[in-house]
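>>> When you get a sec, could you give me coordinates for this:
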Amino acid sequence: MNDTTTRKAAVVAMDTSHSVLTTPIATQVPLTSQGPELSVIVPTFNERENVLELVQRLQRSLAAFRWEVIFADDDSPDGTAQFVREIGQHDNRIRCIQRIGRRGLSSACIEGMLASSAPYLAVIDGDLQHDDTLLPKMLSILKNEETDIVVGTRYAPGAGLGDWNQSRAVISRFATRLSRLVLKANLSDPMSGFFMLRREAMERSVRKLSGIGFKILVDLFASSPRPLRFIEVPYEFSTRKAGESKLDAQAAWHYVMLLLDKLVGHVIPVRFVAFSLVGGCGVLVHLAVLAVLLKQVGTTFVYSQSIAAFVAMTSNFTLNNVLTYRDMRLTGWKWLRGWVSFTVACSIGALANVGIASYLFSMDTKWLLAALAGILVGTVWNYAVTTVYTWQQPKAK
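Prediction:
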């Protein structure tokens, strides 16, 4: 074979290779069946008793569509994930993501959406309080209107809060007002956990999502690089039939952390803000214990100060474990090991605090500035060290 023939063969090979690469994916992969056009994402924690009825409702409501449901379960002790898999043995539209060592409704929704290939994504709670019969209407709006997301609202004509008491309604409205600090849209119900959106709208925001707490809708709107086009549809919030509500003080705390992350997270890590707030509570605990031991019990100052420091460190560790690092919460023996590493780290941080403050004070720095500098150095040290050694992320294998 001469050089000319060789060159021609190479050109043909290159053209053939190029044609394969540019061929539409649908012609490269054998088509066995059509995938879902809608994925319904259901974040769950201890919702086993509601799973079967929710699946049956979806089967009725979405009978005319190609759909799937993805239960993103936070390793529920009641066996929610296992039960979902059992149902999935009889219906391949039923899928489960069991999250080990991770918690939080928002992050569960994000994982569920990323695990889907459908062009439309719905989020609905697993407690049967959302109106699944609205899903076809939501899908029709997304298909036929120039909109990015359809939101179920409880604050519109024809909608309602169900059996909510007055105090819960007041809290919800107050949280709605707070959301205005970060929202780029005039939503009537930004606290809603019932909505449907286009995949491309989620993908534009996904790398900026905080994934903190329970209010994924606020996160989506606040993280979008451009204002989301939305339409709201009214629905009546139903009464929970089984399981327990997840609304508690921790949910409120994480909502505040979400708002802070959207406001200042690009400058200061929100975990550091939470860590510092817990540290402020620890100061109050320290002073309270010190006062009781000194004034009521009558112990010496050194003894009282030592006990107060010990109690404050334990208090700080417990609160951080429950609040700041809720998604990496330590239990059992890990709790004890974490407490030991936290106490050692904070003891060193206290020495650094005192050392820096004393040095600055000796250099004629005003006492308040010297004290604040010491506190800042100690806090940064405590946060950095305990993040690495106390609540360290599990290593990928």
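
>>> domain assignment for this structure?
38-246+254-264, 270-389 (automatic domain parsing).

>>> Helix or strand next in line after the helix or strand containing Phe361, which one?
Secondary structure assignment for Phe361, by DSSP states H and E: helix 333-362. From helix 333-362 onward toward the C-terminus, using DSSP H and E, the following helix or strand is helix 367-389.

>>> Pull out the buried residues from the helix holding Phe361.
If you call a residue buried by 16 or more other C-beta atoms under 10 Å, then helix 333-362 has these buried ones: 338-339, 341-343, 345-346, 349-350, 352-353, 356-357, 360-361. Backbone N, C-alpha and C define where each C-beta goes, glycine included.

>>> Which residues does stretch 102-112 contact?
Taking contacts as C-beta atoms under 8 Å, 6 or more residues apart in numbering, the residues outside stretch 102-112 that touch it are 39, 41-45, 70-74, 97, 99, 123, 193, 206, 209-216, 219, 246, 254, 258, 326-327, 329.

>>> Could you give me the buried positions within it?
Within stretch 102-112, the residues that qualify as buried are 104-112, counting by 16+ other C-beta under 10 Å.

>>> sorry, back to before: including mean pLDDT, could the domains of the chain go into a markdown table?
What follows is these, written out as a markdown table (pLDDT from 0 to 100):
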| stretch | mean pLDDT |
| --- | --- |
| domain 38-246+254-264 | 88 |
| domain 270-389 | 83 |
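
>>> right, so the ones you listed: which one is the most enclosed?
Most buried of those by mean neighbour count (mean count of other C-beta atoms under 10 Å) is domain 38-246+254-264; its value is a mean of 18.

>>> Now do it: distance to the chain's middle.
12 Å (C-alpha atoms, centre = their mean, to the nearest Å).

>>> Taking the buried residues of helix 333-362 together, which two end up most distant?
The two members of the buried residues of helix 333-362 with the most space between them (C-beta to C-beta) are Gly338 and Phe361, at 33.8 Å.

>>> pretty sure Lys184 contacts Leu220?
No: with the criterion set as C-beta atoms under 8 Å, Lys184 and Leu220 do not qualify as a contacting pair; they are 10.6 Å apart.

>>> anything in contact with each of the two?
When contacts are counted by C-beta under 8 Å, 6+ apart, Lys184 and Leu220 are jointly contacted by Leu228.

>>> for Val388, what are its contacts?
Applying C-beta under 8 Å, 6+ apart, no residues contact Val388.

>>> distance of it from Thr343?
Using C-beta to C-beta, to the nearest Å, Val388 is found at 16 Å from Thr343.

>>> Contact partners for the closest residue to Arg85 other than its chain neighbours?
Ranked by C-beta to C-beta, 6 or more residues apart in numbering and with sequence neighbours excluded, the top spatial neighbour of Arg85 is Cys96, at 5.3 Å. Under the criterion of C-beta under 8 Å, 6+ apart, the neighbours of Cys96 are 70-71, 73, 81, 84-85, 88.

>>> In three-state terms, how would Cys96 be classified?
Three states are possible here, and by DSSP: H, G, I helix; E, B strand; the rest coil the one that applies to Cys96 is strand.

>>> Tell me how far it lies from Ala81.
Using C-beta to C-beta, one gets 5 Å for the distance from Cys96 to Ala81.

>>> shared neighbours, these two?
With C-beta under 8 Å, 6+ apart, Cys96 and Ala81 have common neighbours 71, 73.

>>> wait, what's in contact with Val55?
Under the criterion of C-beta under 8 Å, 6+ apart, the neighbours of Val55 are 69, 87, 91, 94.

>>> quick one: it from Met202, how far?
As judged by C-beta to C-beta, Val55 and Met202 stand 23 Å apart.

>>> Going along the chain, name the strands of the stretch 101-250 of the chain.
For the stretch 101-250 of the chain, strands defined by DSSP state E, counting those that start in this stretch occupy the ranges 120-123, 149-153, 195-198, 230-234.

>>> Make JSON lines out of these and add distance to His286.
Shown next, in JSON lines, are the strands of the stretch 101-250 of the chain (distance: least, C-beta to C-beta, whole Å):
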{"stretch": "strand 120-123", "distance to His286": "43"}
{"stretch": "strand 149-153", "distance to His286": "46"}
{"stretch": "strand 195-198", "distance to His286": "45"}
{"stretch": "strand 230-234", "distance to His286": "48"}
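
>>> So for Lys137, which of those strands sits nearest?
With distances scored as C-beta to C-beta, the stretch of the strands of the stretch 101-250 of the chain nearest to Lys137 is strand 230-234 (6.4 Å).
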